[in-house]
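Asker: can't give you the sequence, but here's the structure:
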């Protein structure tokens, strides 16, 4: 009976995510436990219905009560417990600038507003190699390696080229190596209108920090590996990373990301350049 009830609980409620109100302190849990013990001590055991249906009903009742309590907490002011309406942010141009209210009640005035003018979006770095005939064999058989630097860390990639491998085989091999490394880069193969292919490497992050103009770089200190880099164009930057540039009430600001926070109360996502605030 216990097993079937637990299976019912997992199937009905096991996949639901917890809200911020489901986290409790040790004191709160102790108080809840004490209340349960007190209620149980006053309940005649011989009158309990221990059927599977009754246990499932108890689970449903408990979960629905918890959901209702979370809704009540979400609509209440944590300071004094009074009911209030949750604040929300509204954008006059949601396709370009989307805003949401992220803080607690009372952190911002009800009539607070600001004008945002997006001058430039933050963008990632993009390296697009040379477009080559996919069945060609520009790379000689042998062992190769190159160094990839990102976030002040240098990663060495090593691989072997066999006699039967074509240029496209090598491009795909390098793309798989980069994707499997999980270092913040995504690699894929692009094809032009003539059917030629090139390796495309893009950073997951955007923007620049300091004076370094790139997020990642590819090179090799071994002269024997340089022809590989030059032939495939691994170090060919086709889009340099850039920071988002925007005005908030006429005050120009910049950000490495298109997701910004204003006044510690608003989560703002920039989507496109605007002609006016």
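Answerer: Alright, I've got the coordinates. Just so you know, these numbers come straight off a predicted model, no measurement behind them. Numbering: from 1, shown residues only.

Asker: where exactly do the strands run in the stretch 51-200 of the chain?
Answerer: 97-101, 116-120, 126-128, 142-150, 153-161, 185-191, 197-203 (DSSP state E, counting those that start in this stretch).

Asker: any idea which of those is most buried?
Answerer: strand 197-203 (a mean of 22; mean count of other C-beta atoms under 10 Å). For every residue, glycine as well, the C-beta is placed using N, CA and C.

Asker: which other residues reach that strand?
Answerer: Strand 197-203 is contacted from outside by 124-132, 134, 150, 167-168, 171, 174-175, 178, 184-192, 215-216, 218, 232-234, 241, using C-beta atoms under 8 Å, 6 or more residues apart in numbering.

Asker: what's across from residue 157 in the sheet?
Answerer: residue 146 (DSSP bridges).

Asker: residue contacts, it?
Answerer: By C-beta under 8 Å, 6+ apart, the neighbours of residue 157 are 145-148, 174, 177-178, 181.

Asker: confidence score at the residue lying closest to residue 190 once chain neighbours are set aside?
Answerer: In space, not counting the residues next to it along the chain, residue 190 is nearest to residue 200; the distance is 4.7 Å by C-beta to C-beta, 6 or more residues apart in numbering. We have a pLDDT of 98 for residue 200.

Asker: so how far is residue 251 from residue 200?
Answerer: Separation of residue 200 from residue 251 (C-beta to C-beta, to the nearest Å) stands at 37 Å.

Asker: residue 257 too?
Answerer: 18 Å.

Asker: when those two are compared, which one has more neighbours?
Answerer: The neighbour comparison of residue 257 against residue 251 (other C-beta atoms under 10 Å) goes to residue 257, with 13 against 8.

Asker: what's the local residue count around residue 172?
Answerer: Neighbourhood size, residue 172 [other C-beta under 10 Å]: 18.

Asker: tell me what the nearest residue to it once chain neighbours are set aside is bridged to.
Answerer: Nearest-residue entry for residue 172: residue 189, 6.1 Å, with adjacent residues in sequence omitted and distances by C-beta to C-beta, 6+ apart. Legend: beta-bridge partners of residue 189 under DSSP bridges are residue 199.

Asker: number the chain from 19, please
Answerer: Yep, numbering from 19; the last one is residue 207 now.

Asker: ok, now which ones touch residue 207?
Answerer: Going by C-beta under 8 Å, 6+ apart, the list of residues near residue 207 reads 186, 189-190, 193, 215-218.

Asker: ok, now with 10 Å
Answerer: The contact partners of residue 207, taken as C-beta atoms under 10 Å, 6 or more residues apart in numbering, are 147, 152, 186, 189-190, 192-193, 215-218.

Asker: hang on, the earlier thing: just put the contacts of residue 175 in CSV and tack on distance to residue 28 and pLDDT.
Answerer: Converted to CSV, the contacts of residue 175 look like this (distance: C-beta to C-beta, whole Å; pLDDT from 0 to 100):
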residue, distance to residue 28, pLDDT
163, 49, 96
164, 49, 96
165, 49, 96
166, 44, 97
192, 44, 97
195, 40, 96
196, 39, 97
199, 36, 93
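
Asker: would you format these as JSON lines with distance to residue 279 included?
Answerer: Below are these laid out as JSON lines (distance: C-beta to C-beta, whole Å):
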{"residue": "163", "distance to residue 279": "42"}
{"residue": "164", "distance to residue 279": "38"}
{"residue": "165", "distance to residue 279": "36"}
{"residue": "166", "distance to residue 279": "32"}
{"residue": "192", "distance to residue 279": "38"}
{"residue": "195", "distance to residue 279": "36"}
{"residue": "196", "distance to residue 279": "32"}
{"residue": "199", "distance to residue 279": "31"}
